[in-house]
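Q: sequence first, predicted coordinates after that:
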Amino acid sequence: KGVIWYYNHCDFVTAPSRTVLEEMAANGFVKPHQVVSNQIDLEIFKPDVNLDIKKIKAEFGVSSAAIVYAGRLGQEKNIDVVIRAAALVKQRLPDARLAIAGHGSAEPGLKKLVHELRLEENVKFLGTLSQADLARLYRASEIFTIASTSESQSMVLLQAMACGLPVIGANWRALPEYINQRNGFLFKPYD
């Protein structure tokens, strides 16, 4: 309620998604407002047909069926769901590779899960990448995925889409504002 009290004293409020503003309105927010997206650098995050994709795939250790997740490795990001999905994908596409770019407190548990599911050859932890390297990884991948249930807007989702990747994401909070039938697929959270 303190947050709503504060924002109701502002002349104008912006938020990165409609979902955030709707949640605020449901809790008593009444001031003028508008969705204003966070910015991404379209000079870095864009399709690039001049890259040697095979070379980049080899550099990152991904296959011709590369799936990528990028971002903080936190519990609320539900990366365990993505790893469990990778095990199912492996049954149909044994060469599929999940590249995970980022770091965070959930990383040790995620690595343990990869070991338990015997996915060491199919899941690569790349650590935190520079924006330029992250854009190269996106371009060398076939799909971006995000299972988070905490997004008010996902910068990495926007970056991946700007590089031309189709996306698979949880049907939760702001993600459905960006993922639709033209650019990807939504799934039930935690499924």
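A: That came through, no problem.
Q: for the helix or strand of the chain with the lowest mean pLDDT, buried residues please.
A: Ranking every helix and strand in the chain by mean pLDDT, DSSP states H and E puts helix 2-7 at the bottom, with a mean of 93. In terms of neighbour count (16 or more other CB atoms under 10 Å), helix 2-7 has its buried residues at I4, Y7. C-beta: built from backbone N, CA, C; applies to glycine.
Q: chain center to the helix or strand following it: distance?
A: Using DSSP states H and E, the helix or strand that follows helix 2-7 in sequence is strand 13-15. Put simply, strand 13-15 sits 22 Å off its chain's centre (CA atoms, centre = their mean, to the nearest Å).
Q: for the next helix or strand after strand 13-15, packing partners?
A: Next along the chain after strand 13-15, taking DSSP H and E as the criterion, comes helix 18-26. Helix 18-26 is packed against helix 2-7, strand 13-15, strand 33-35, with contacts defined by 3 or more CB pairs under 8 Å, 6 or more residues apart in numbering; DSSP states H and E.
Q: check which residues of helix 18-26 are buried.
A: For helix 18-26, burial by neighbour count (16+ other CB under 10 Å) applies to T19, V20, L21, E23, M24.
Q: rebuild the helices and strands packed on helix 18-26 as CSV, extending it with distance to D95.
A: Below are those laid out as CSV (distance: least, CB to CB, whole Å):
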stretch, distance to D95
helix 2-7, 48
strand 13-15, 41
strand 33-35, 40
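Q: what's the burial count for A15?
A: 21 (other CB atoms under 10 Å).
Q: correct me if wrong: I44 contacts A132.
A: Yes - counting by CB atoms under 8 Å, A132 is a contact partner of I44 at 6.1 Å.
Q: the more surrounded of those two?
A: I44 (15 against 11).
Q: let me see the contact set for the more buried one.
A: Q131, A132, A135 (CB atoms under 8 Å, 6 or more residues apart in numbering).
Q: return the distance of the last one relative to A15.
A: Using CB to CB, to the nearest Å, one obtains 26 Å as the distance from A135 to A15.
Q: can you give me the strands for this protein?
A: 13-15, 33-35, 66-70, 97-101, 123-127, 143-146, 167-170, 184-187 (DSSP state E).
Q: of the buried residues of helix 18-26, closest to S141?
A: Checking the buried residues of helix 18-26 against S141 by CB to CB gives T19 as the nearest, at 26.5 Å.
Q: list the contacts of that closest one.
A: Contacts of T19 by CB under 8 Å, 6+ apart are S152, R173, A174, E177.
Q: thank you, goodbye.
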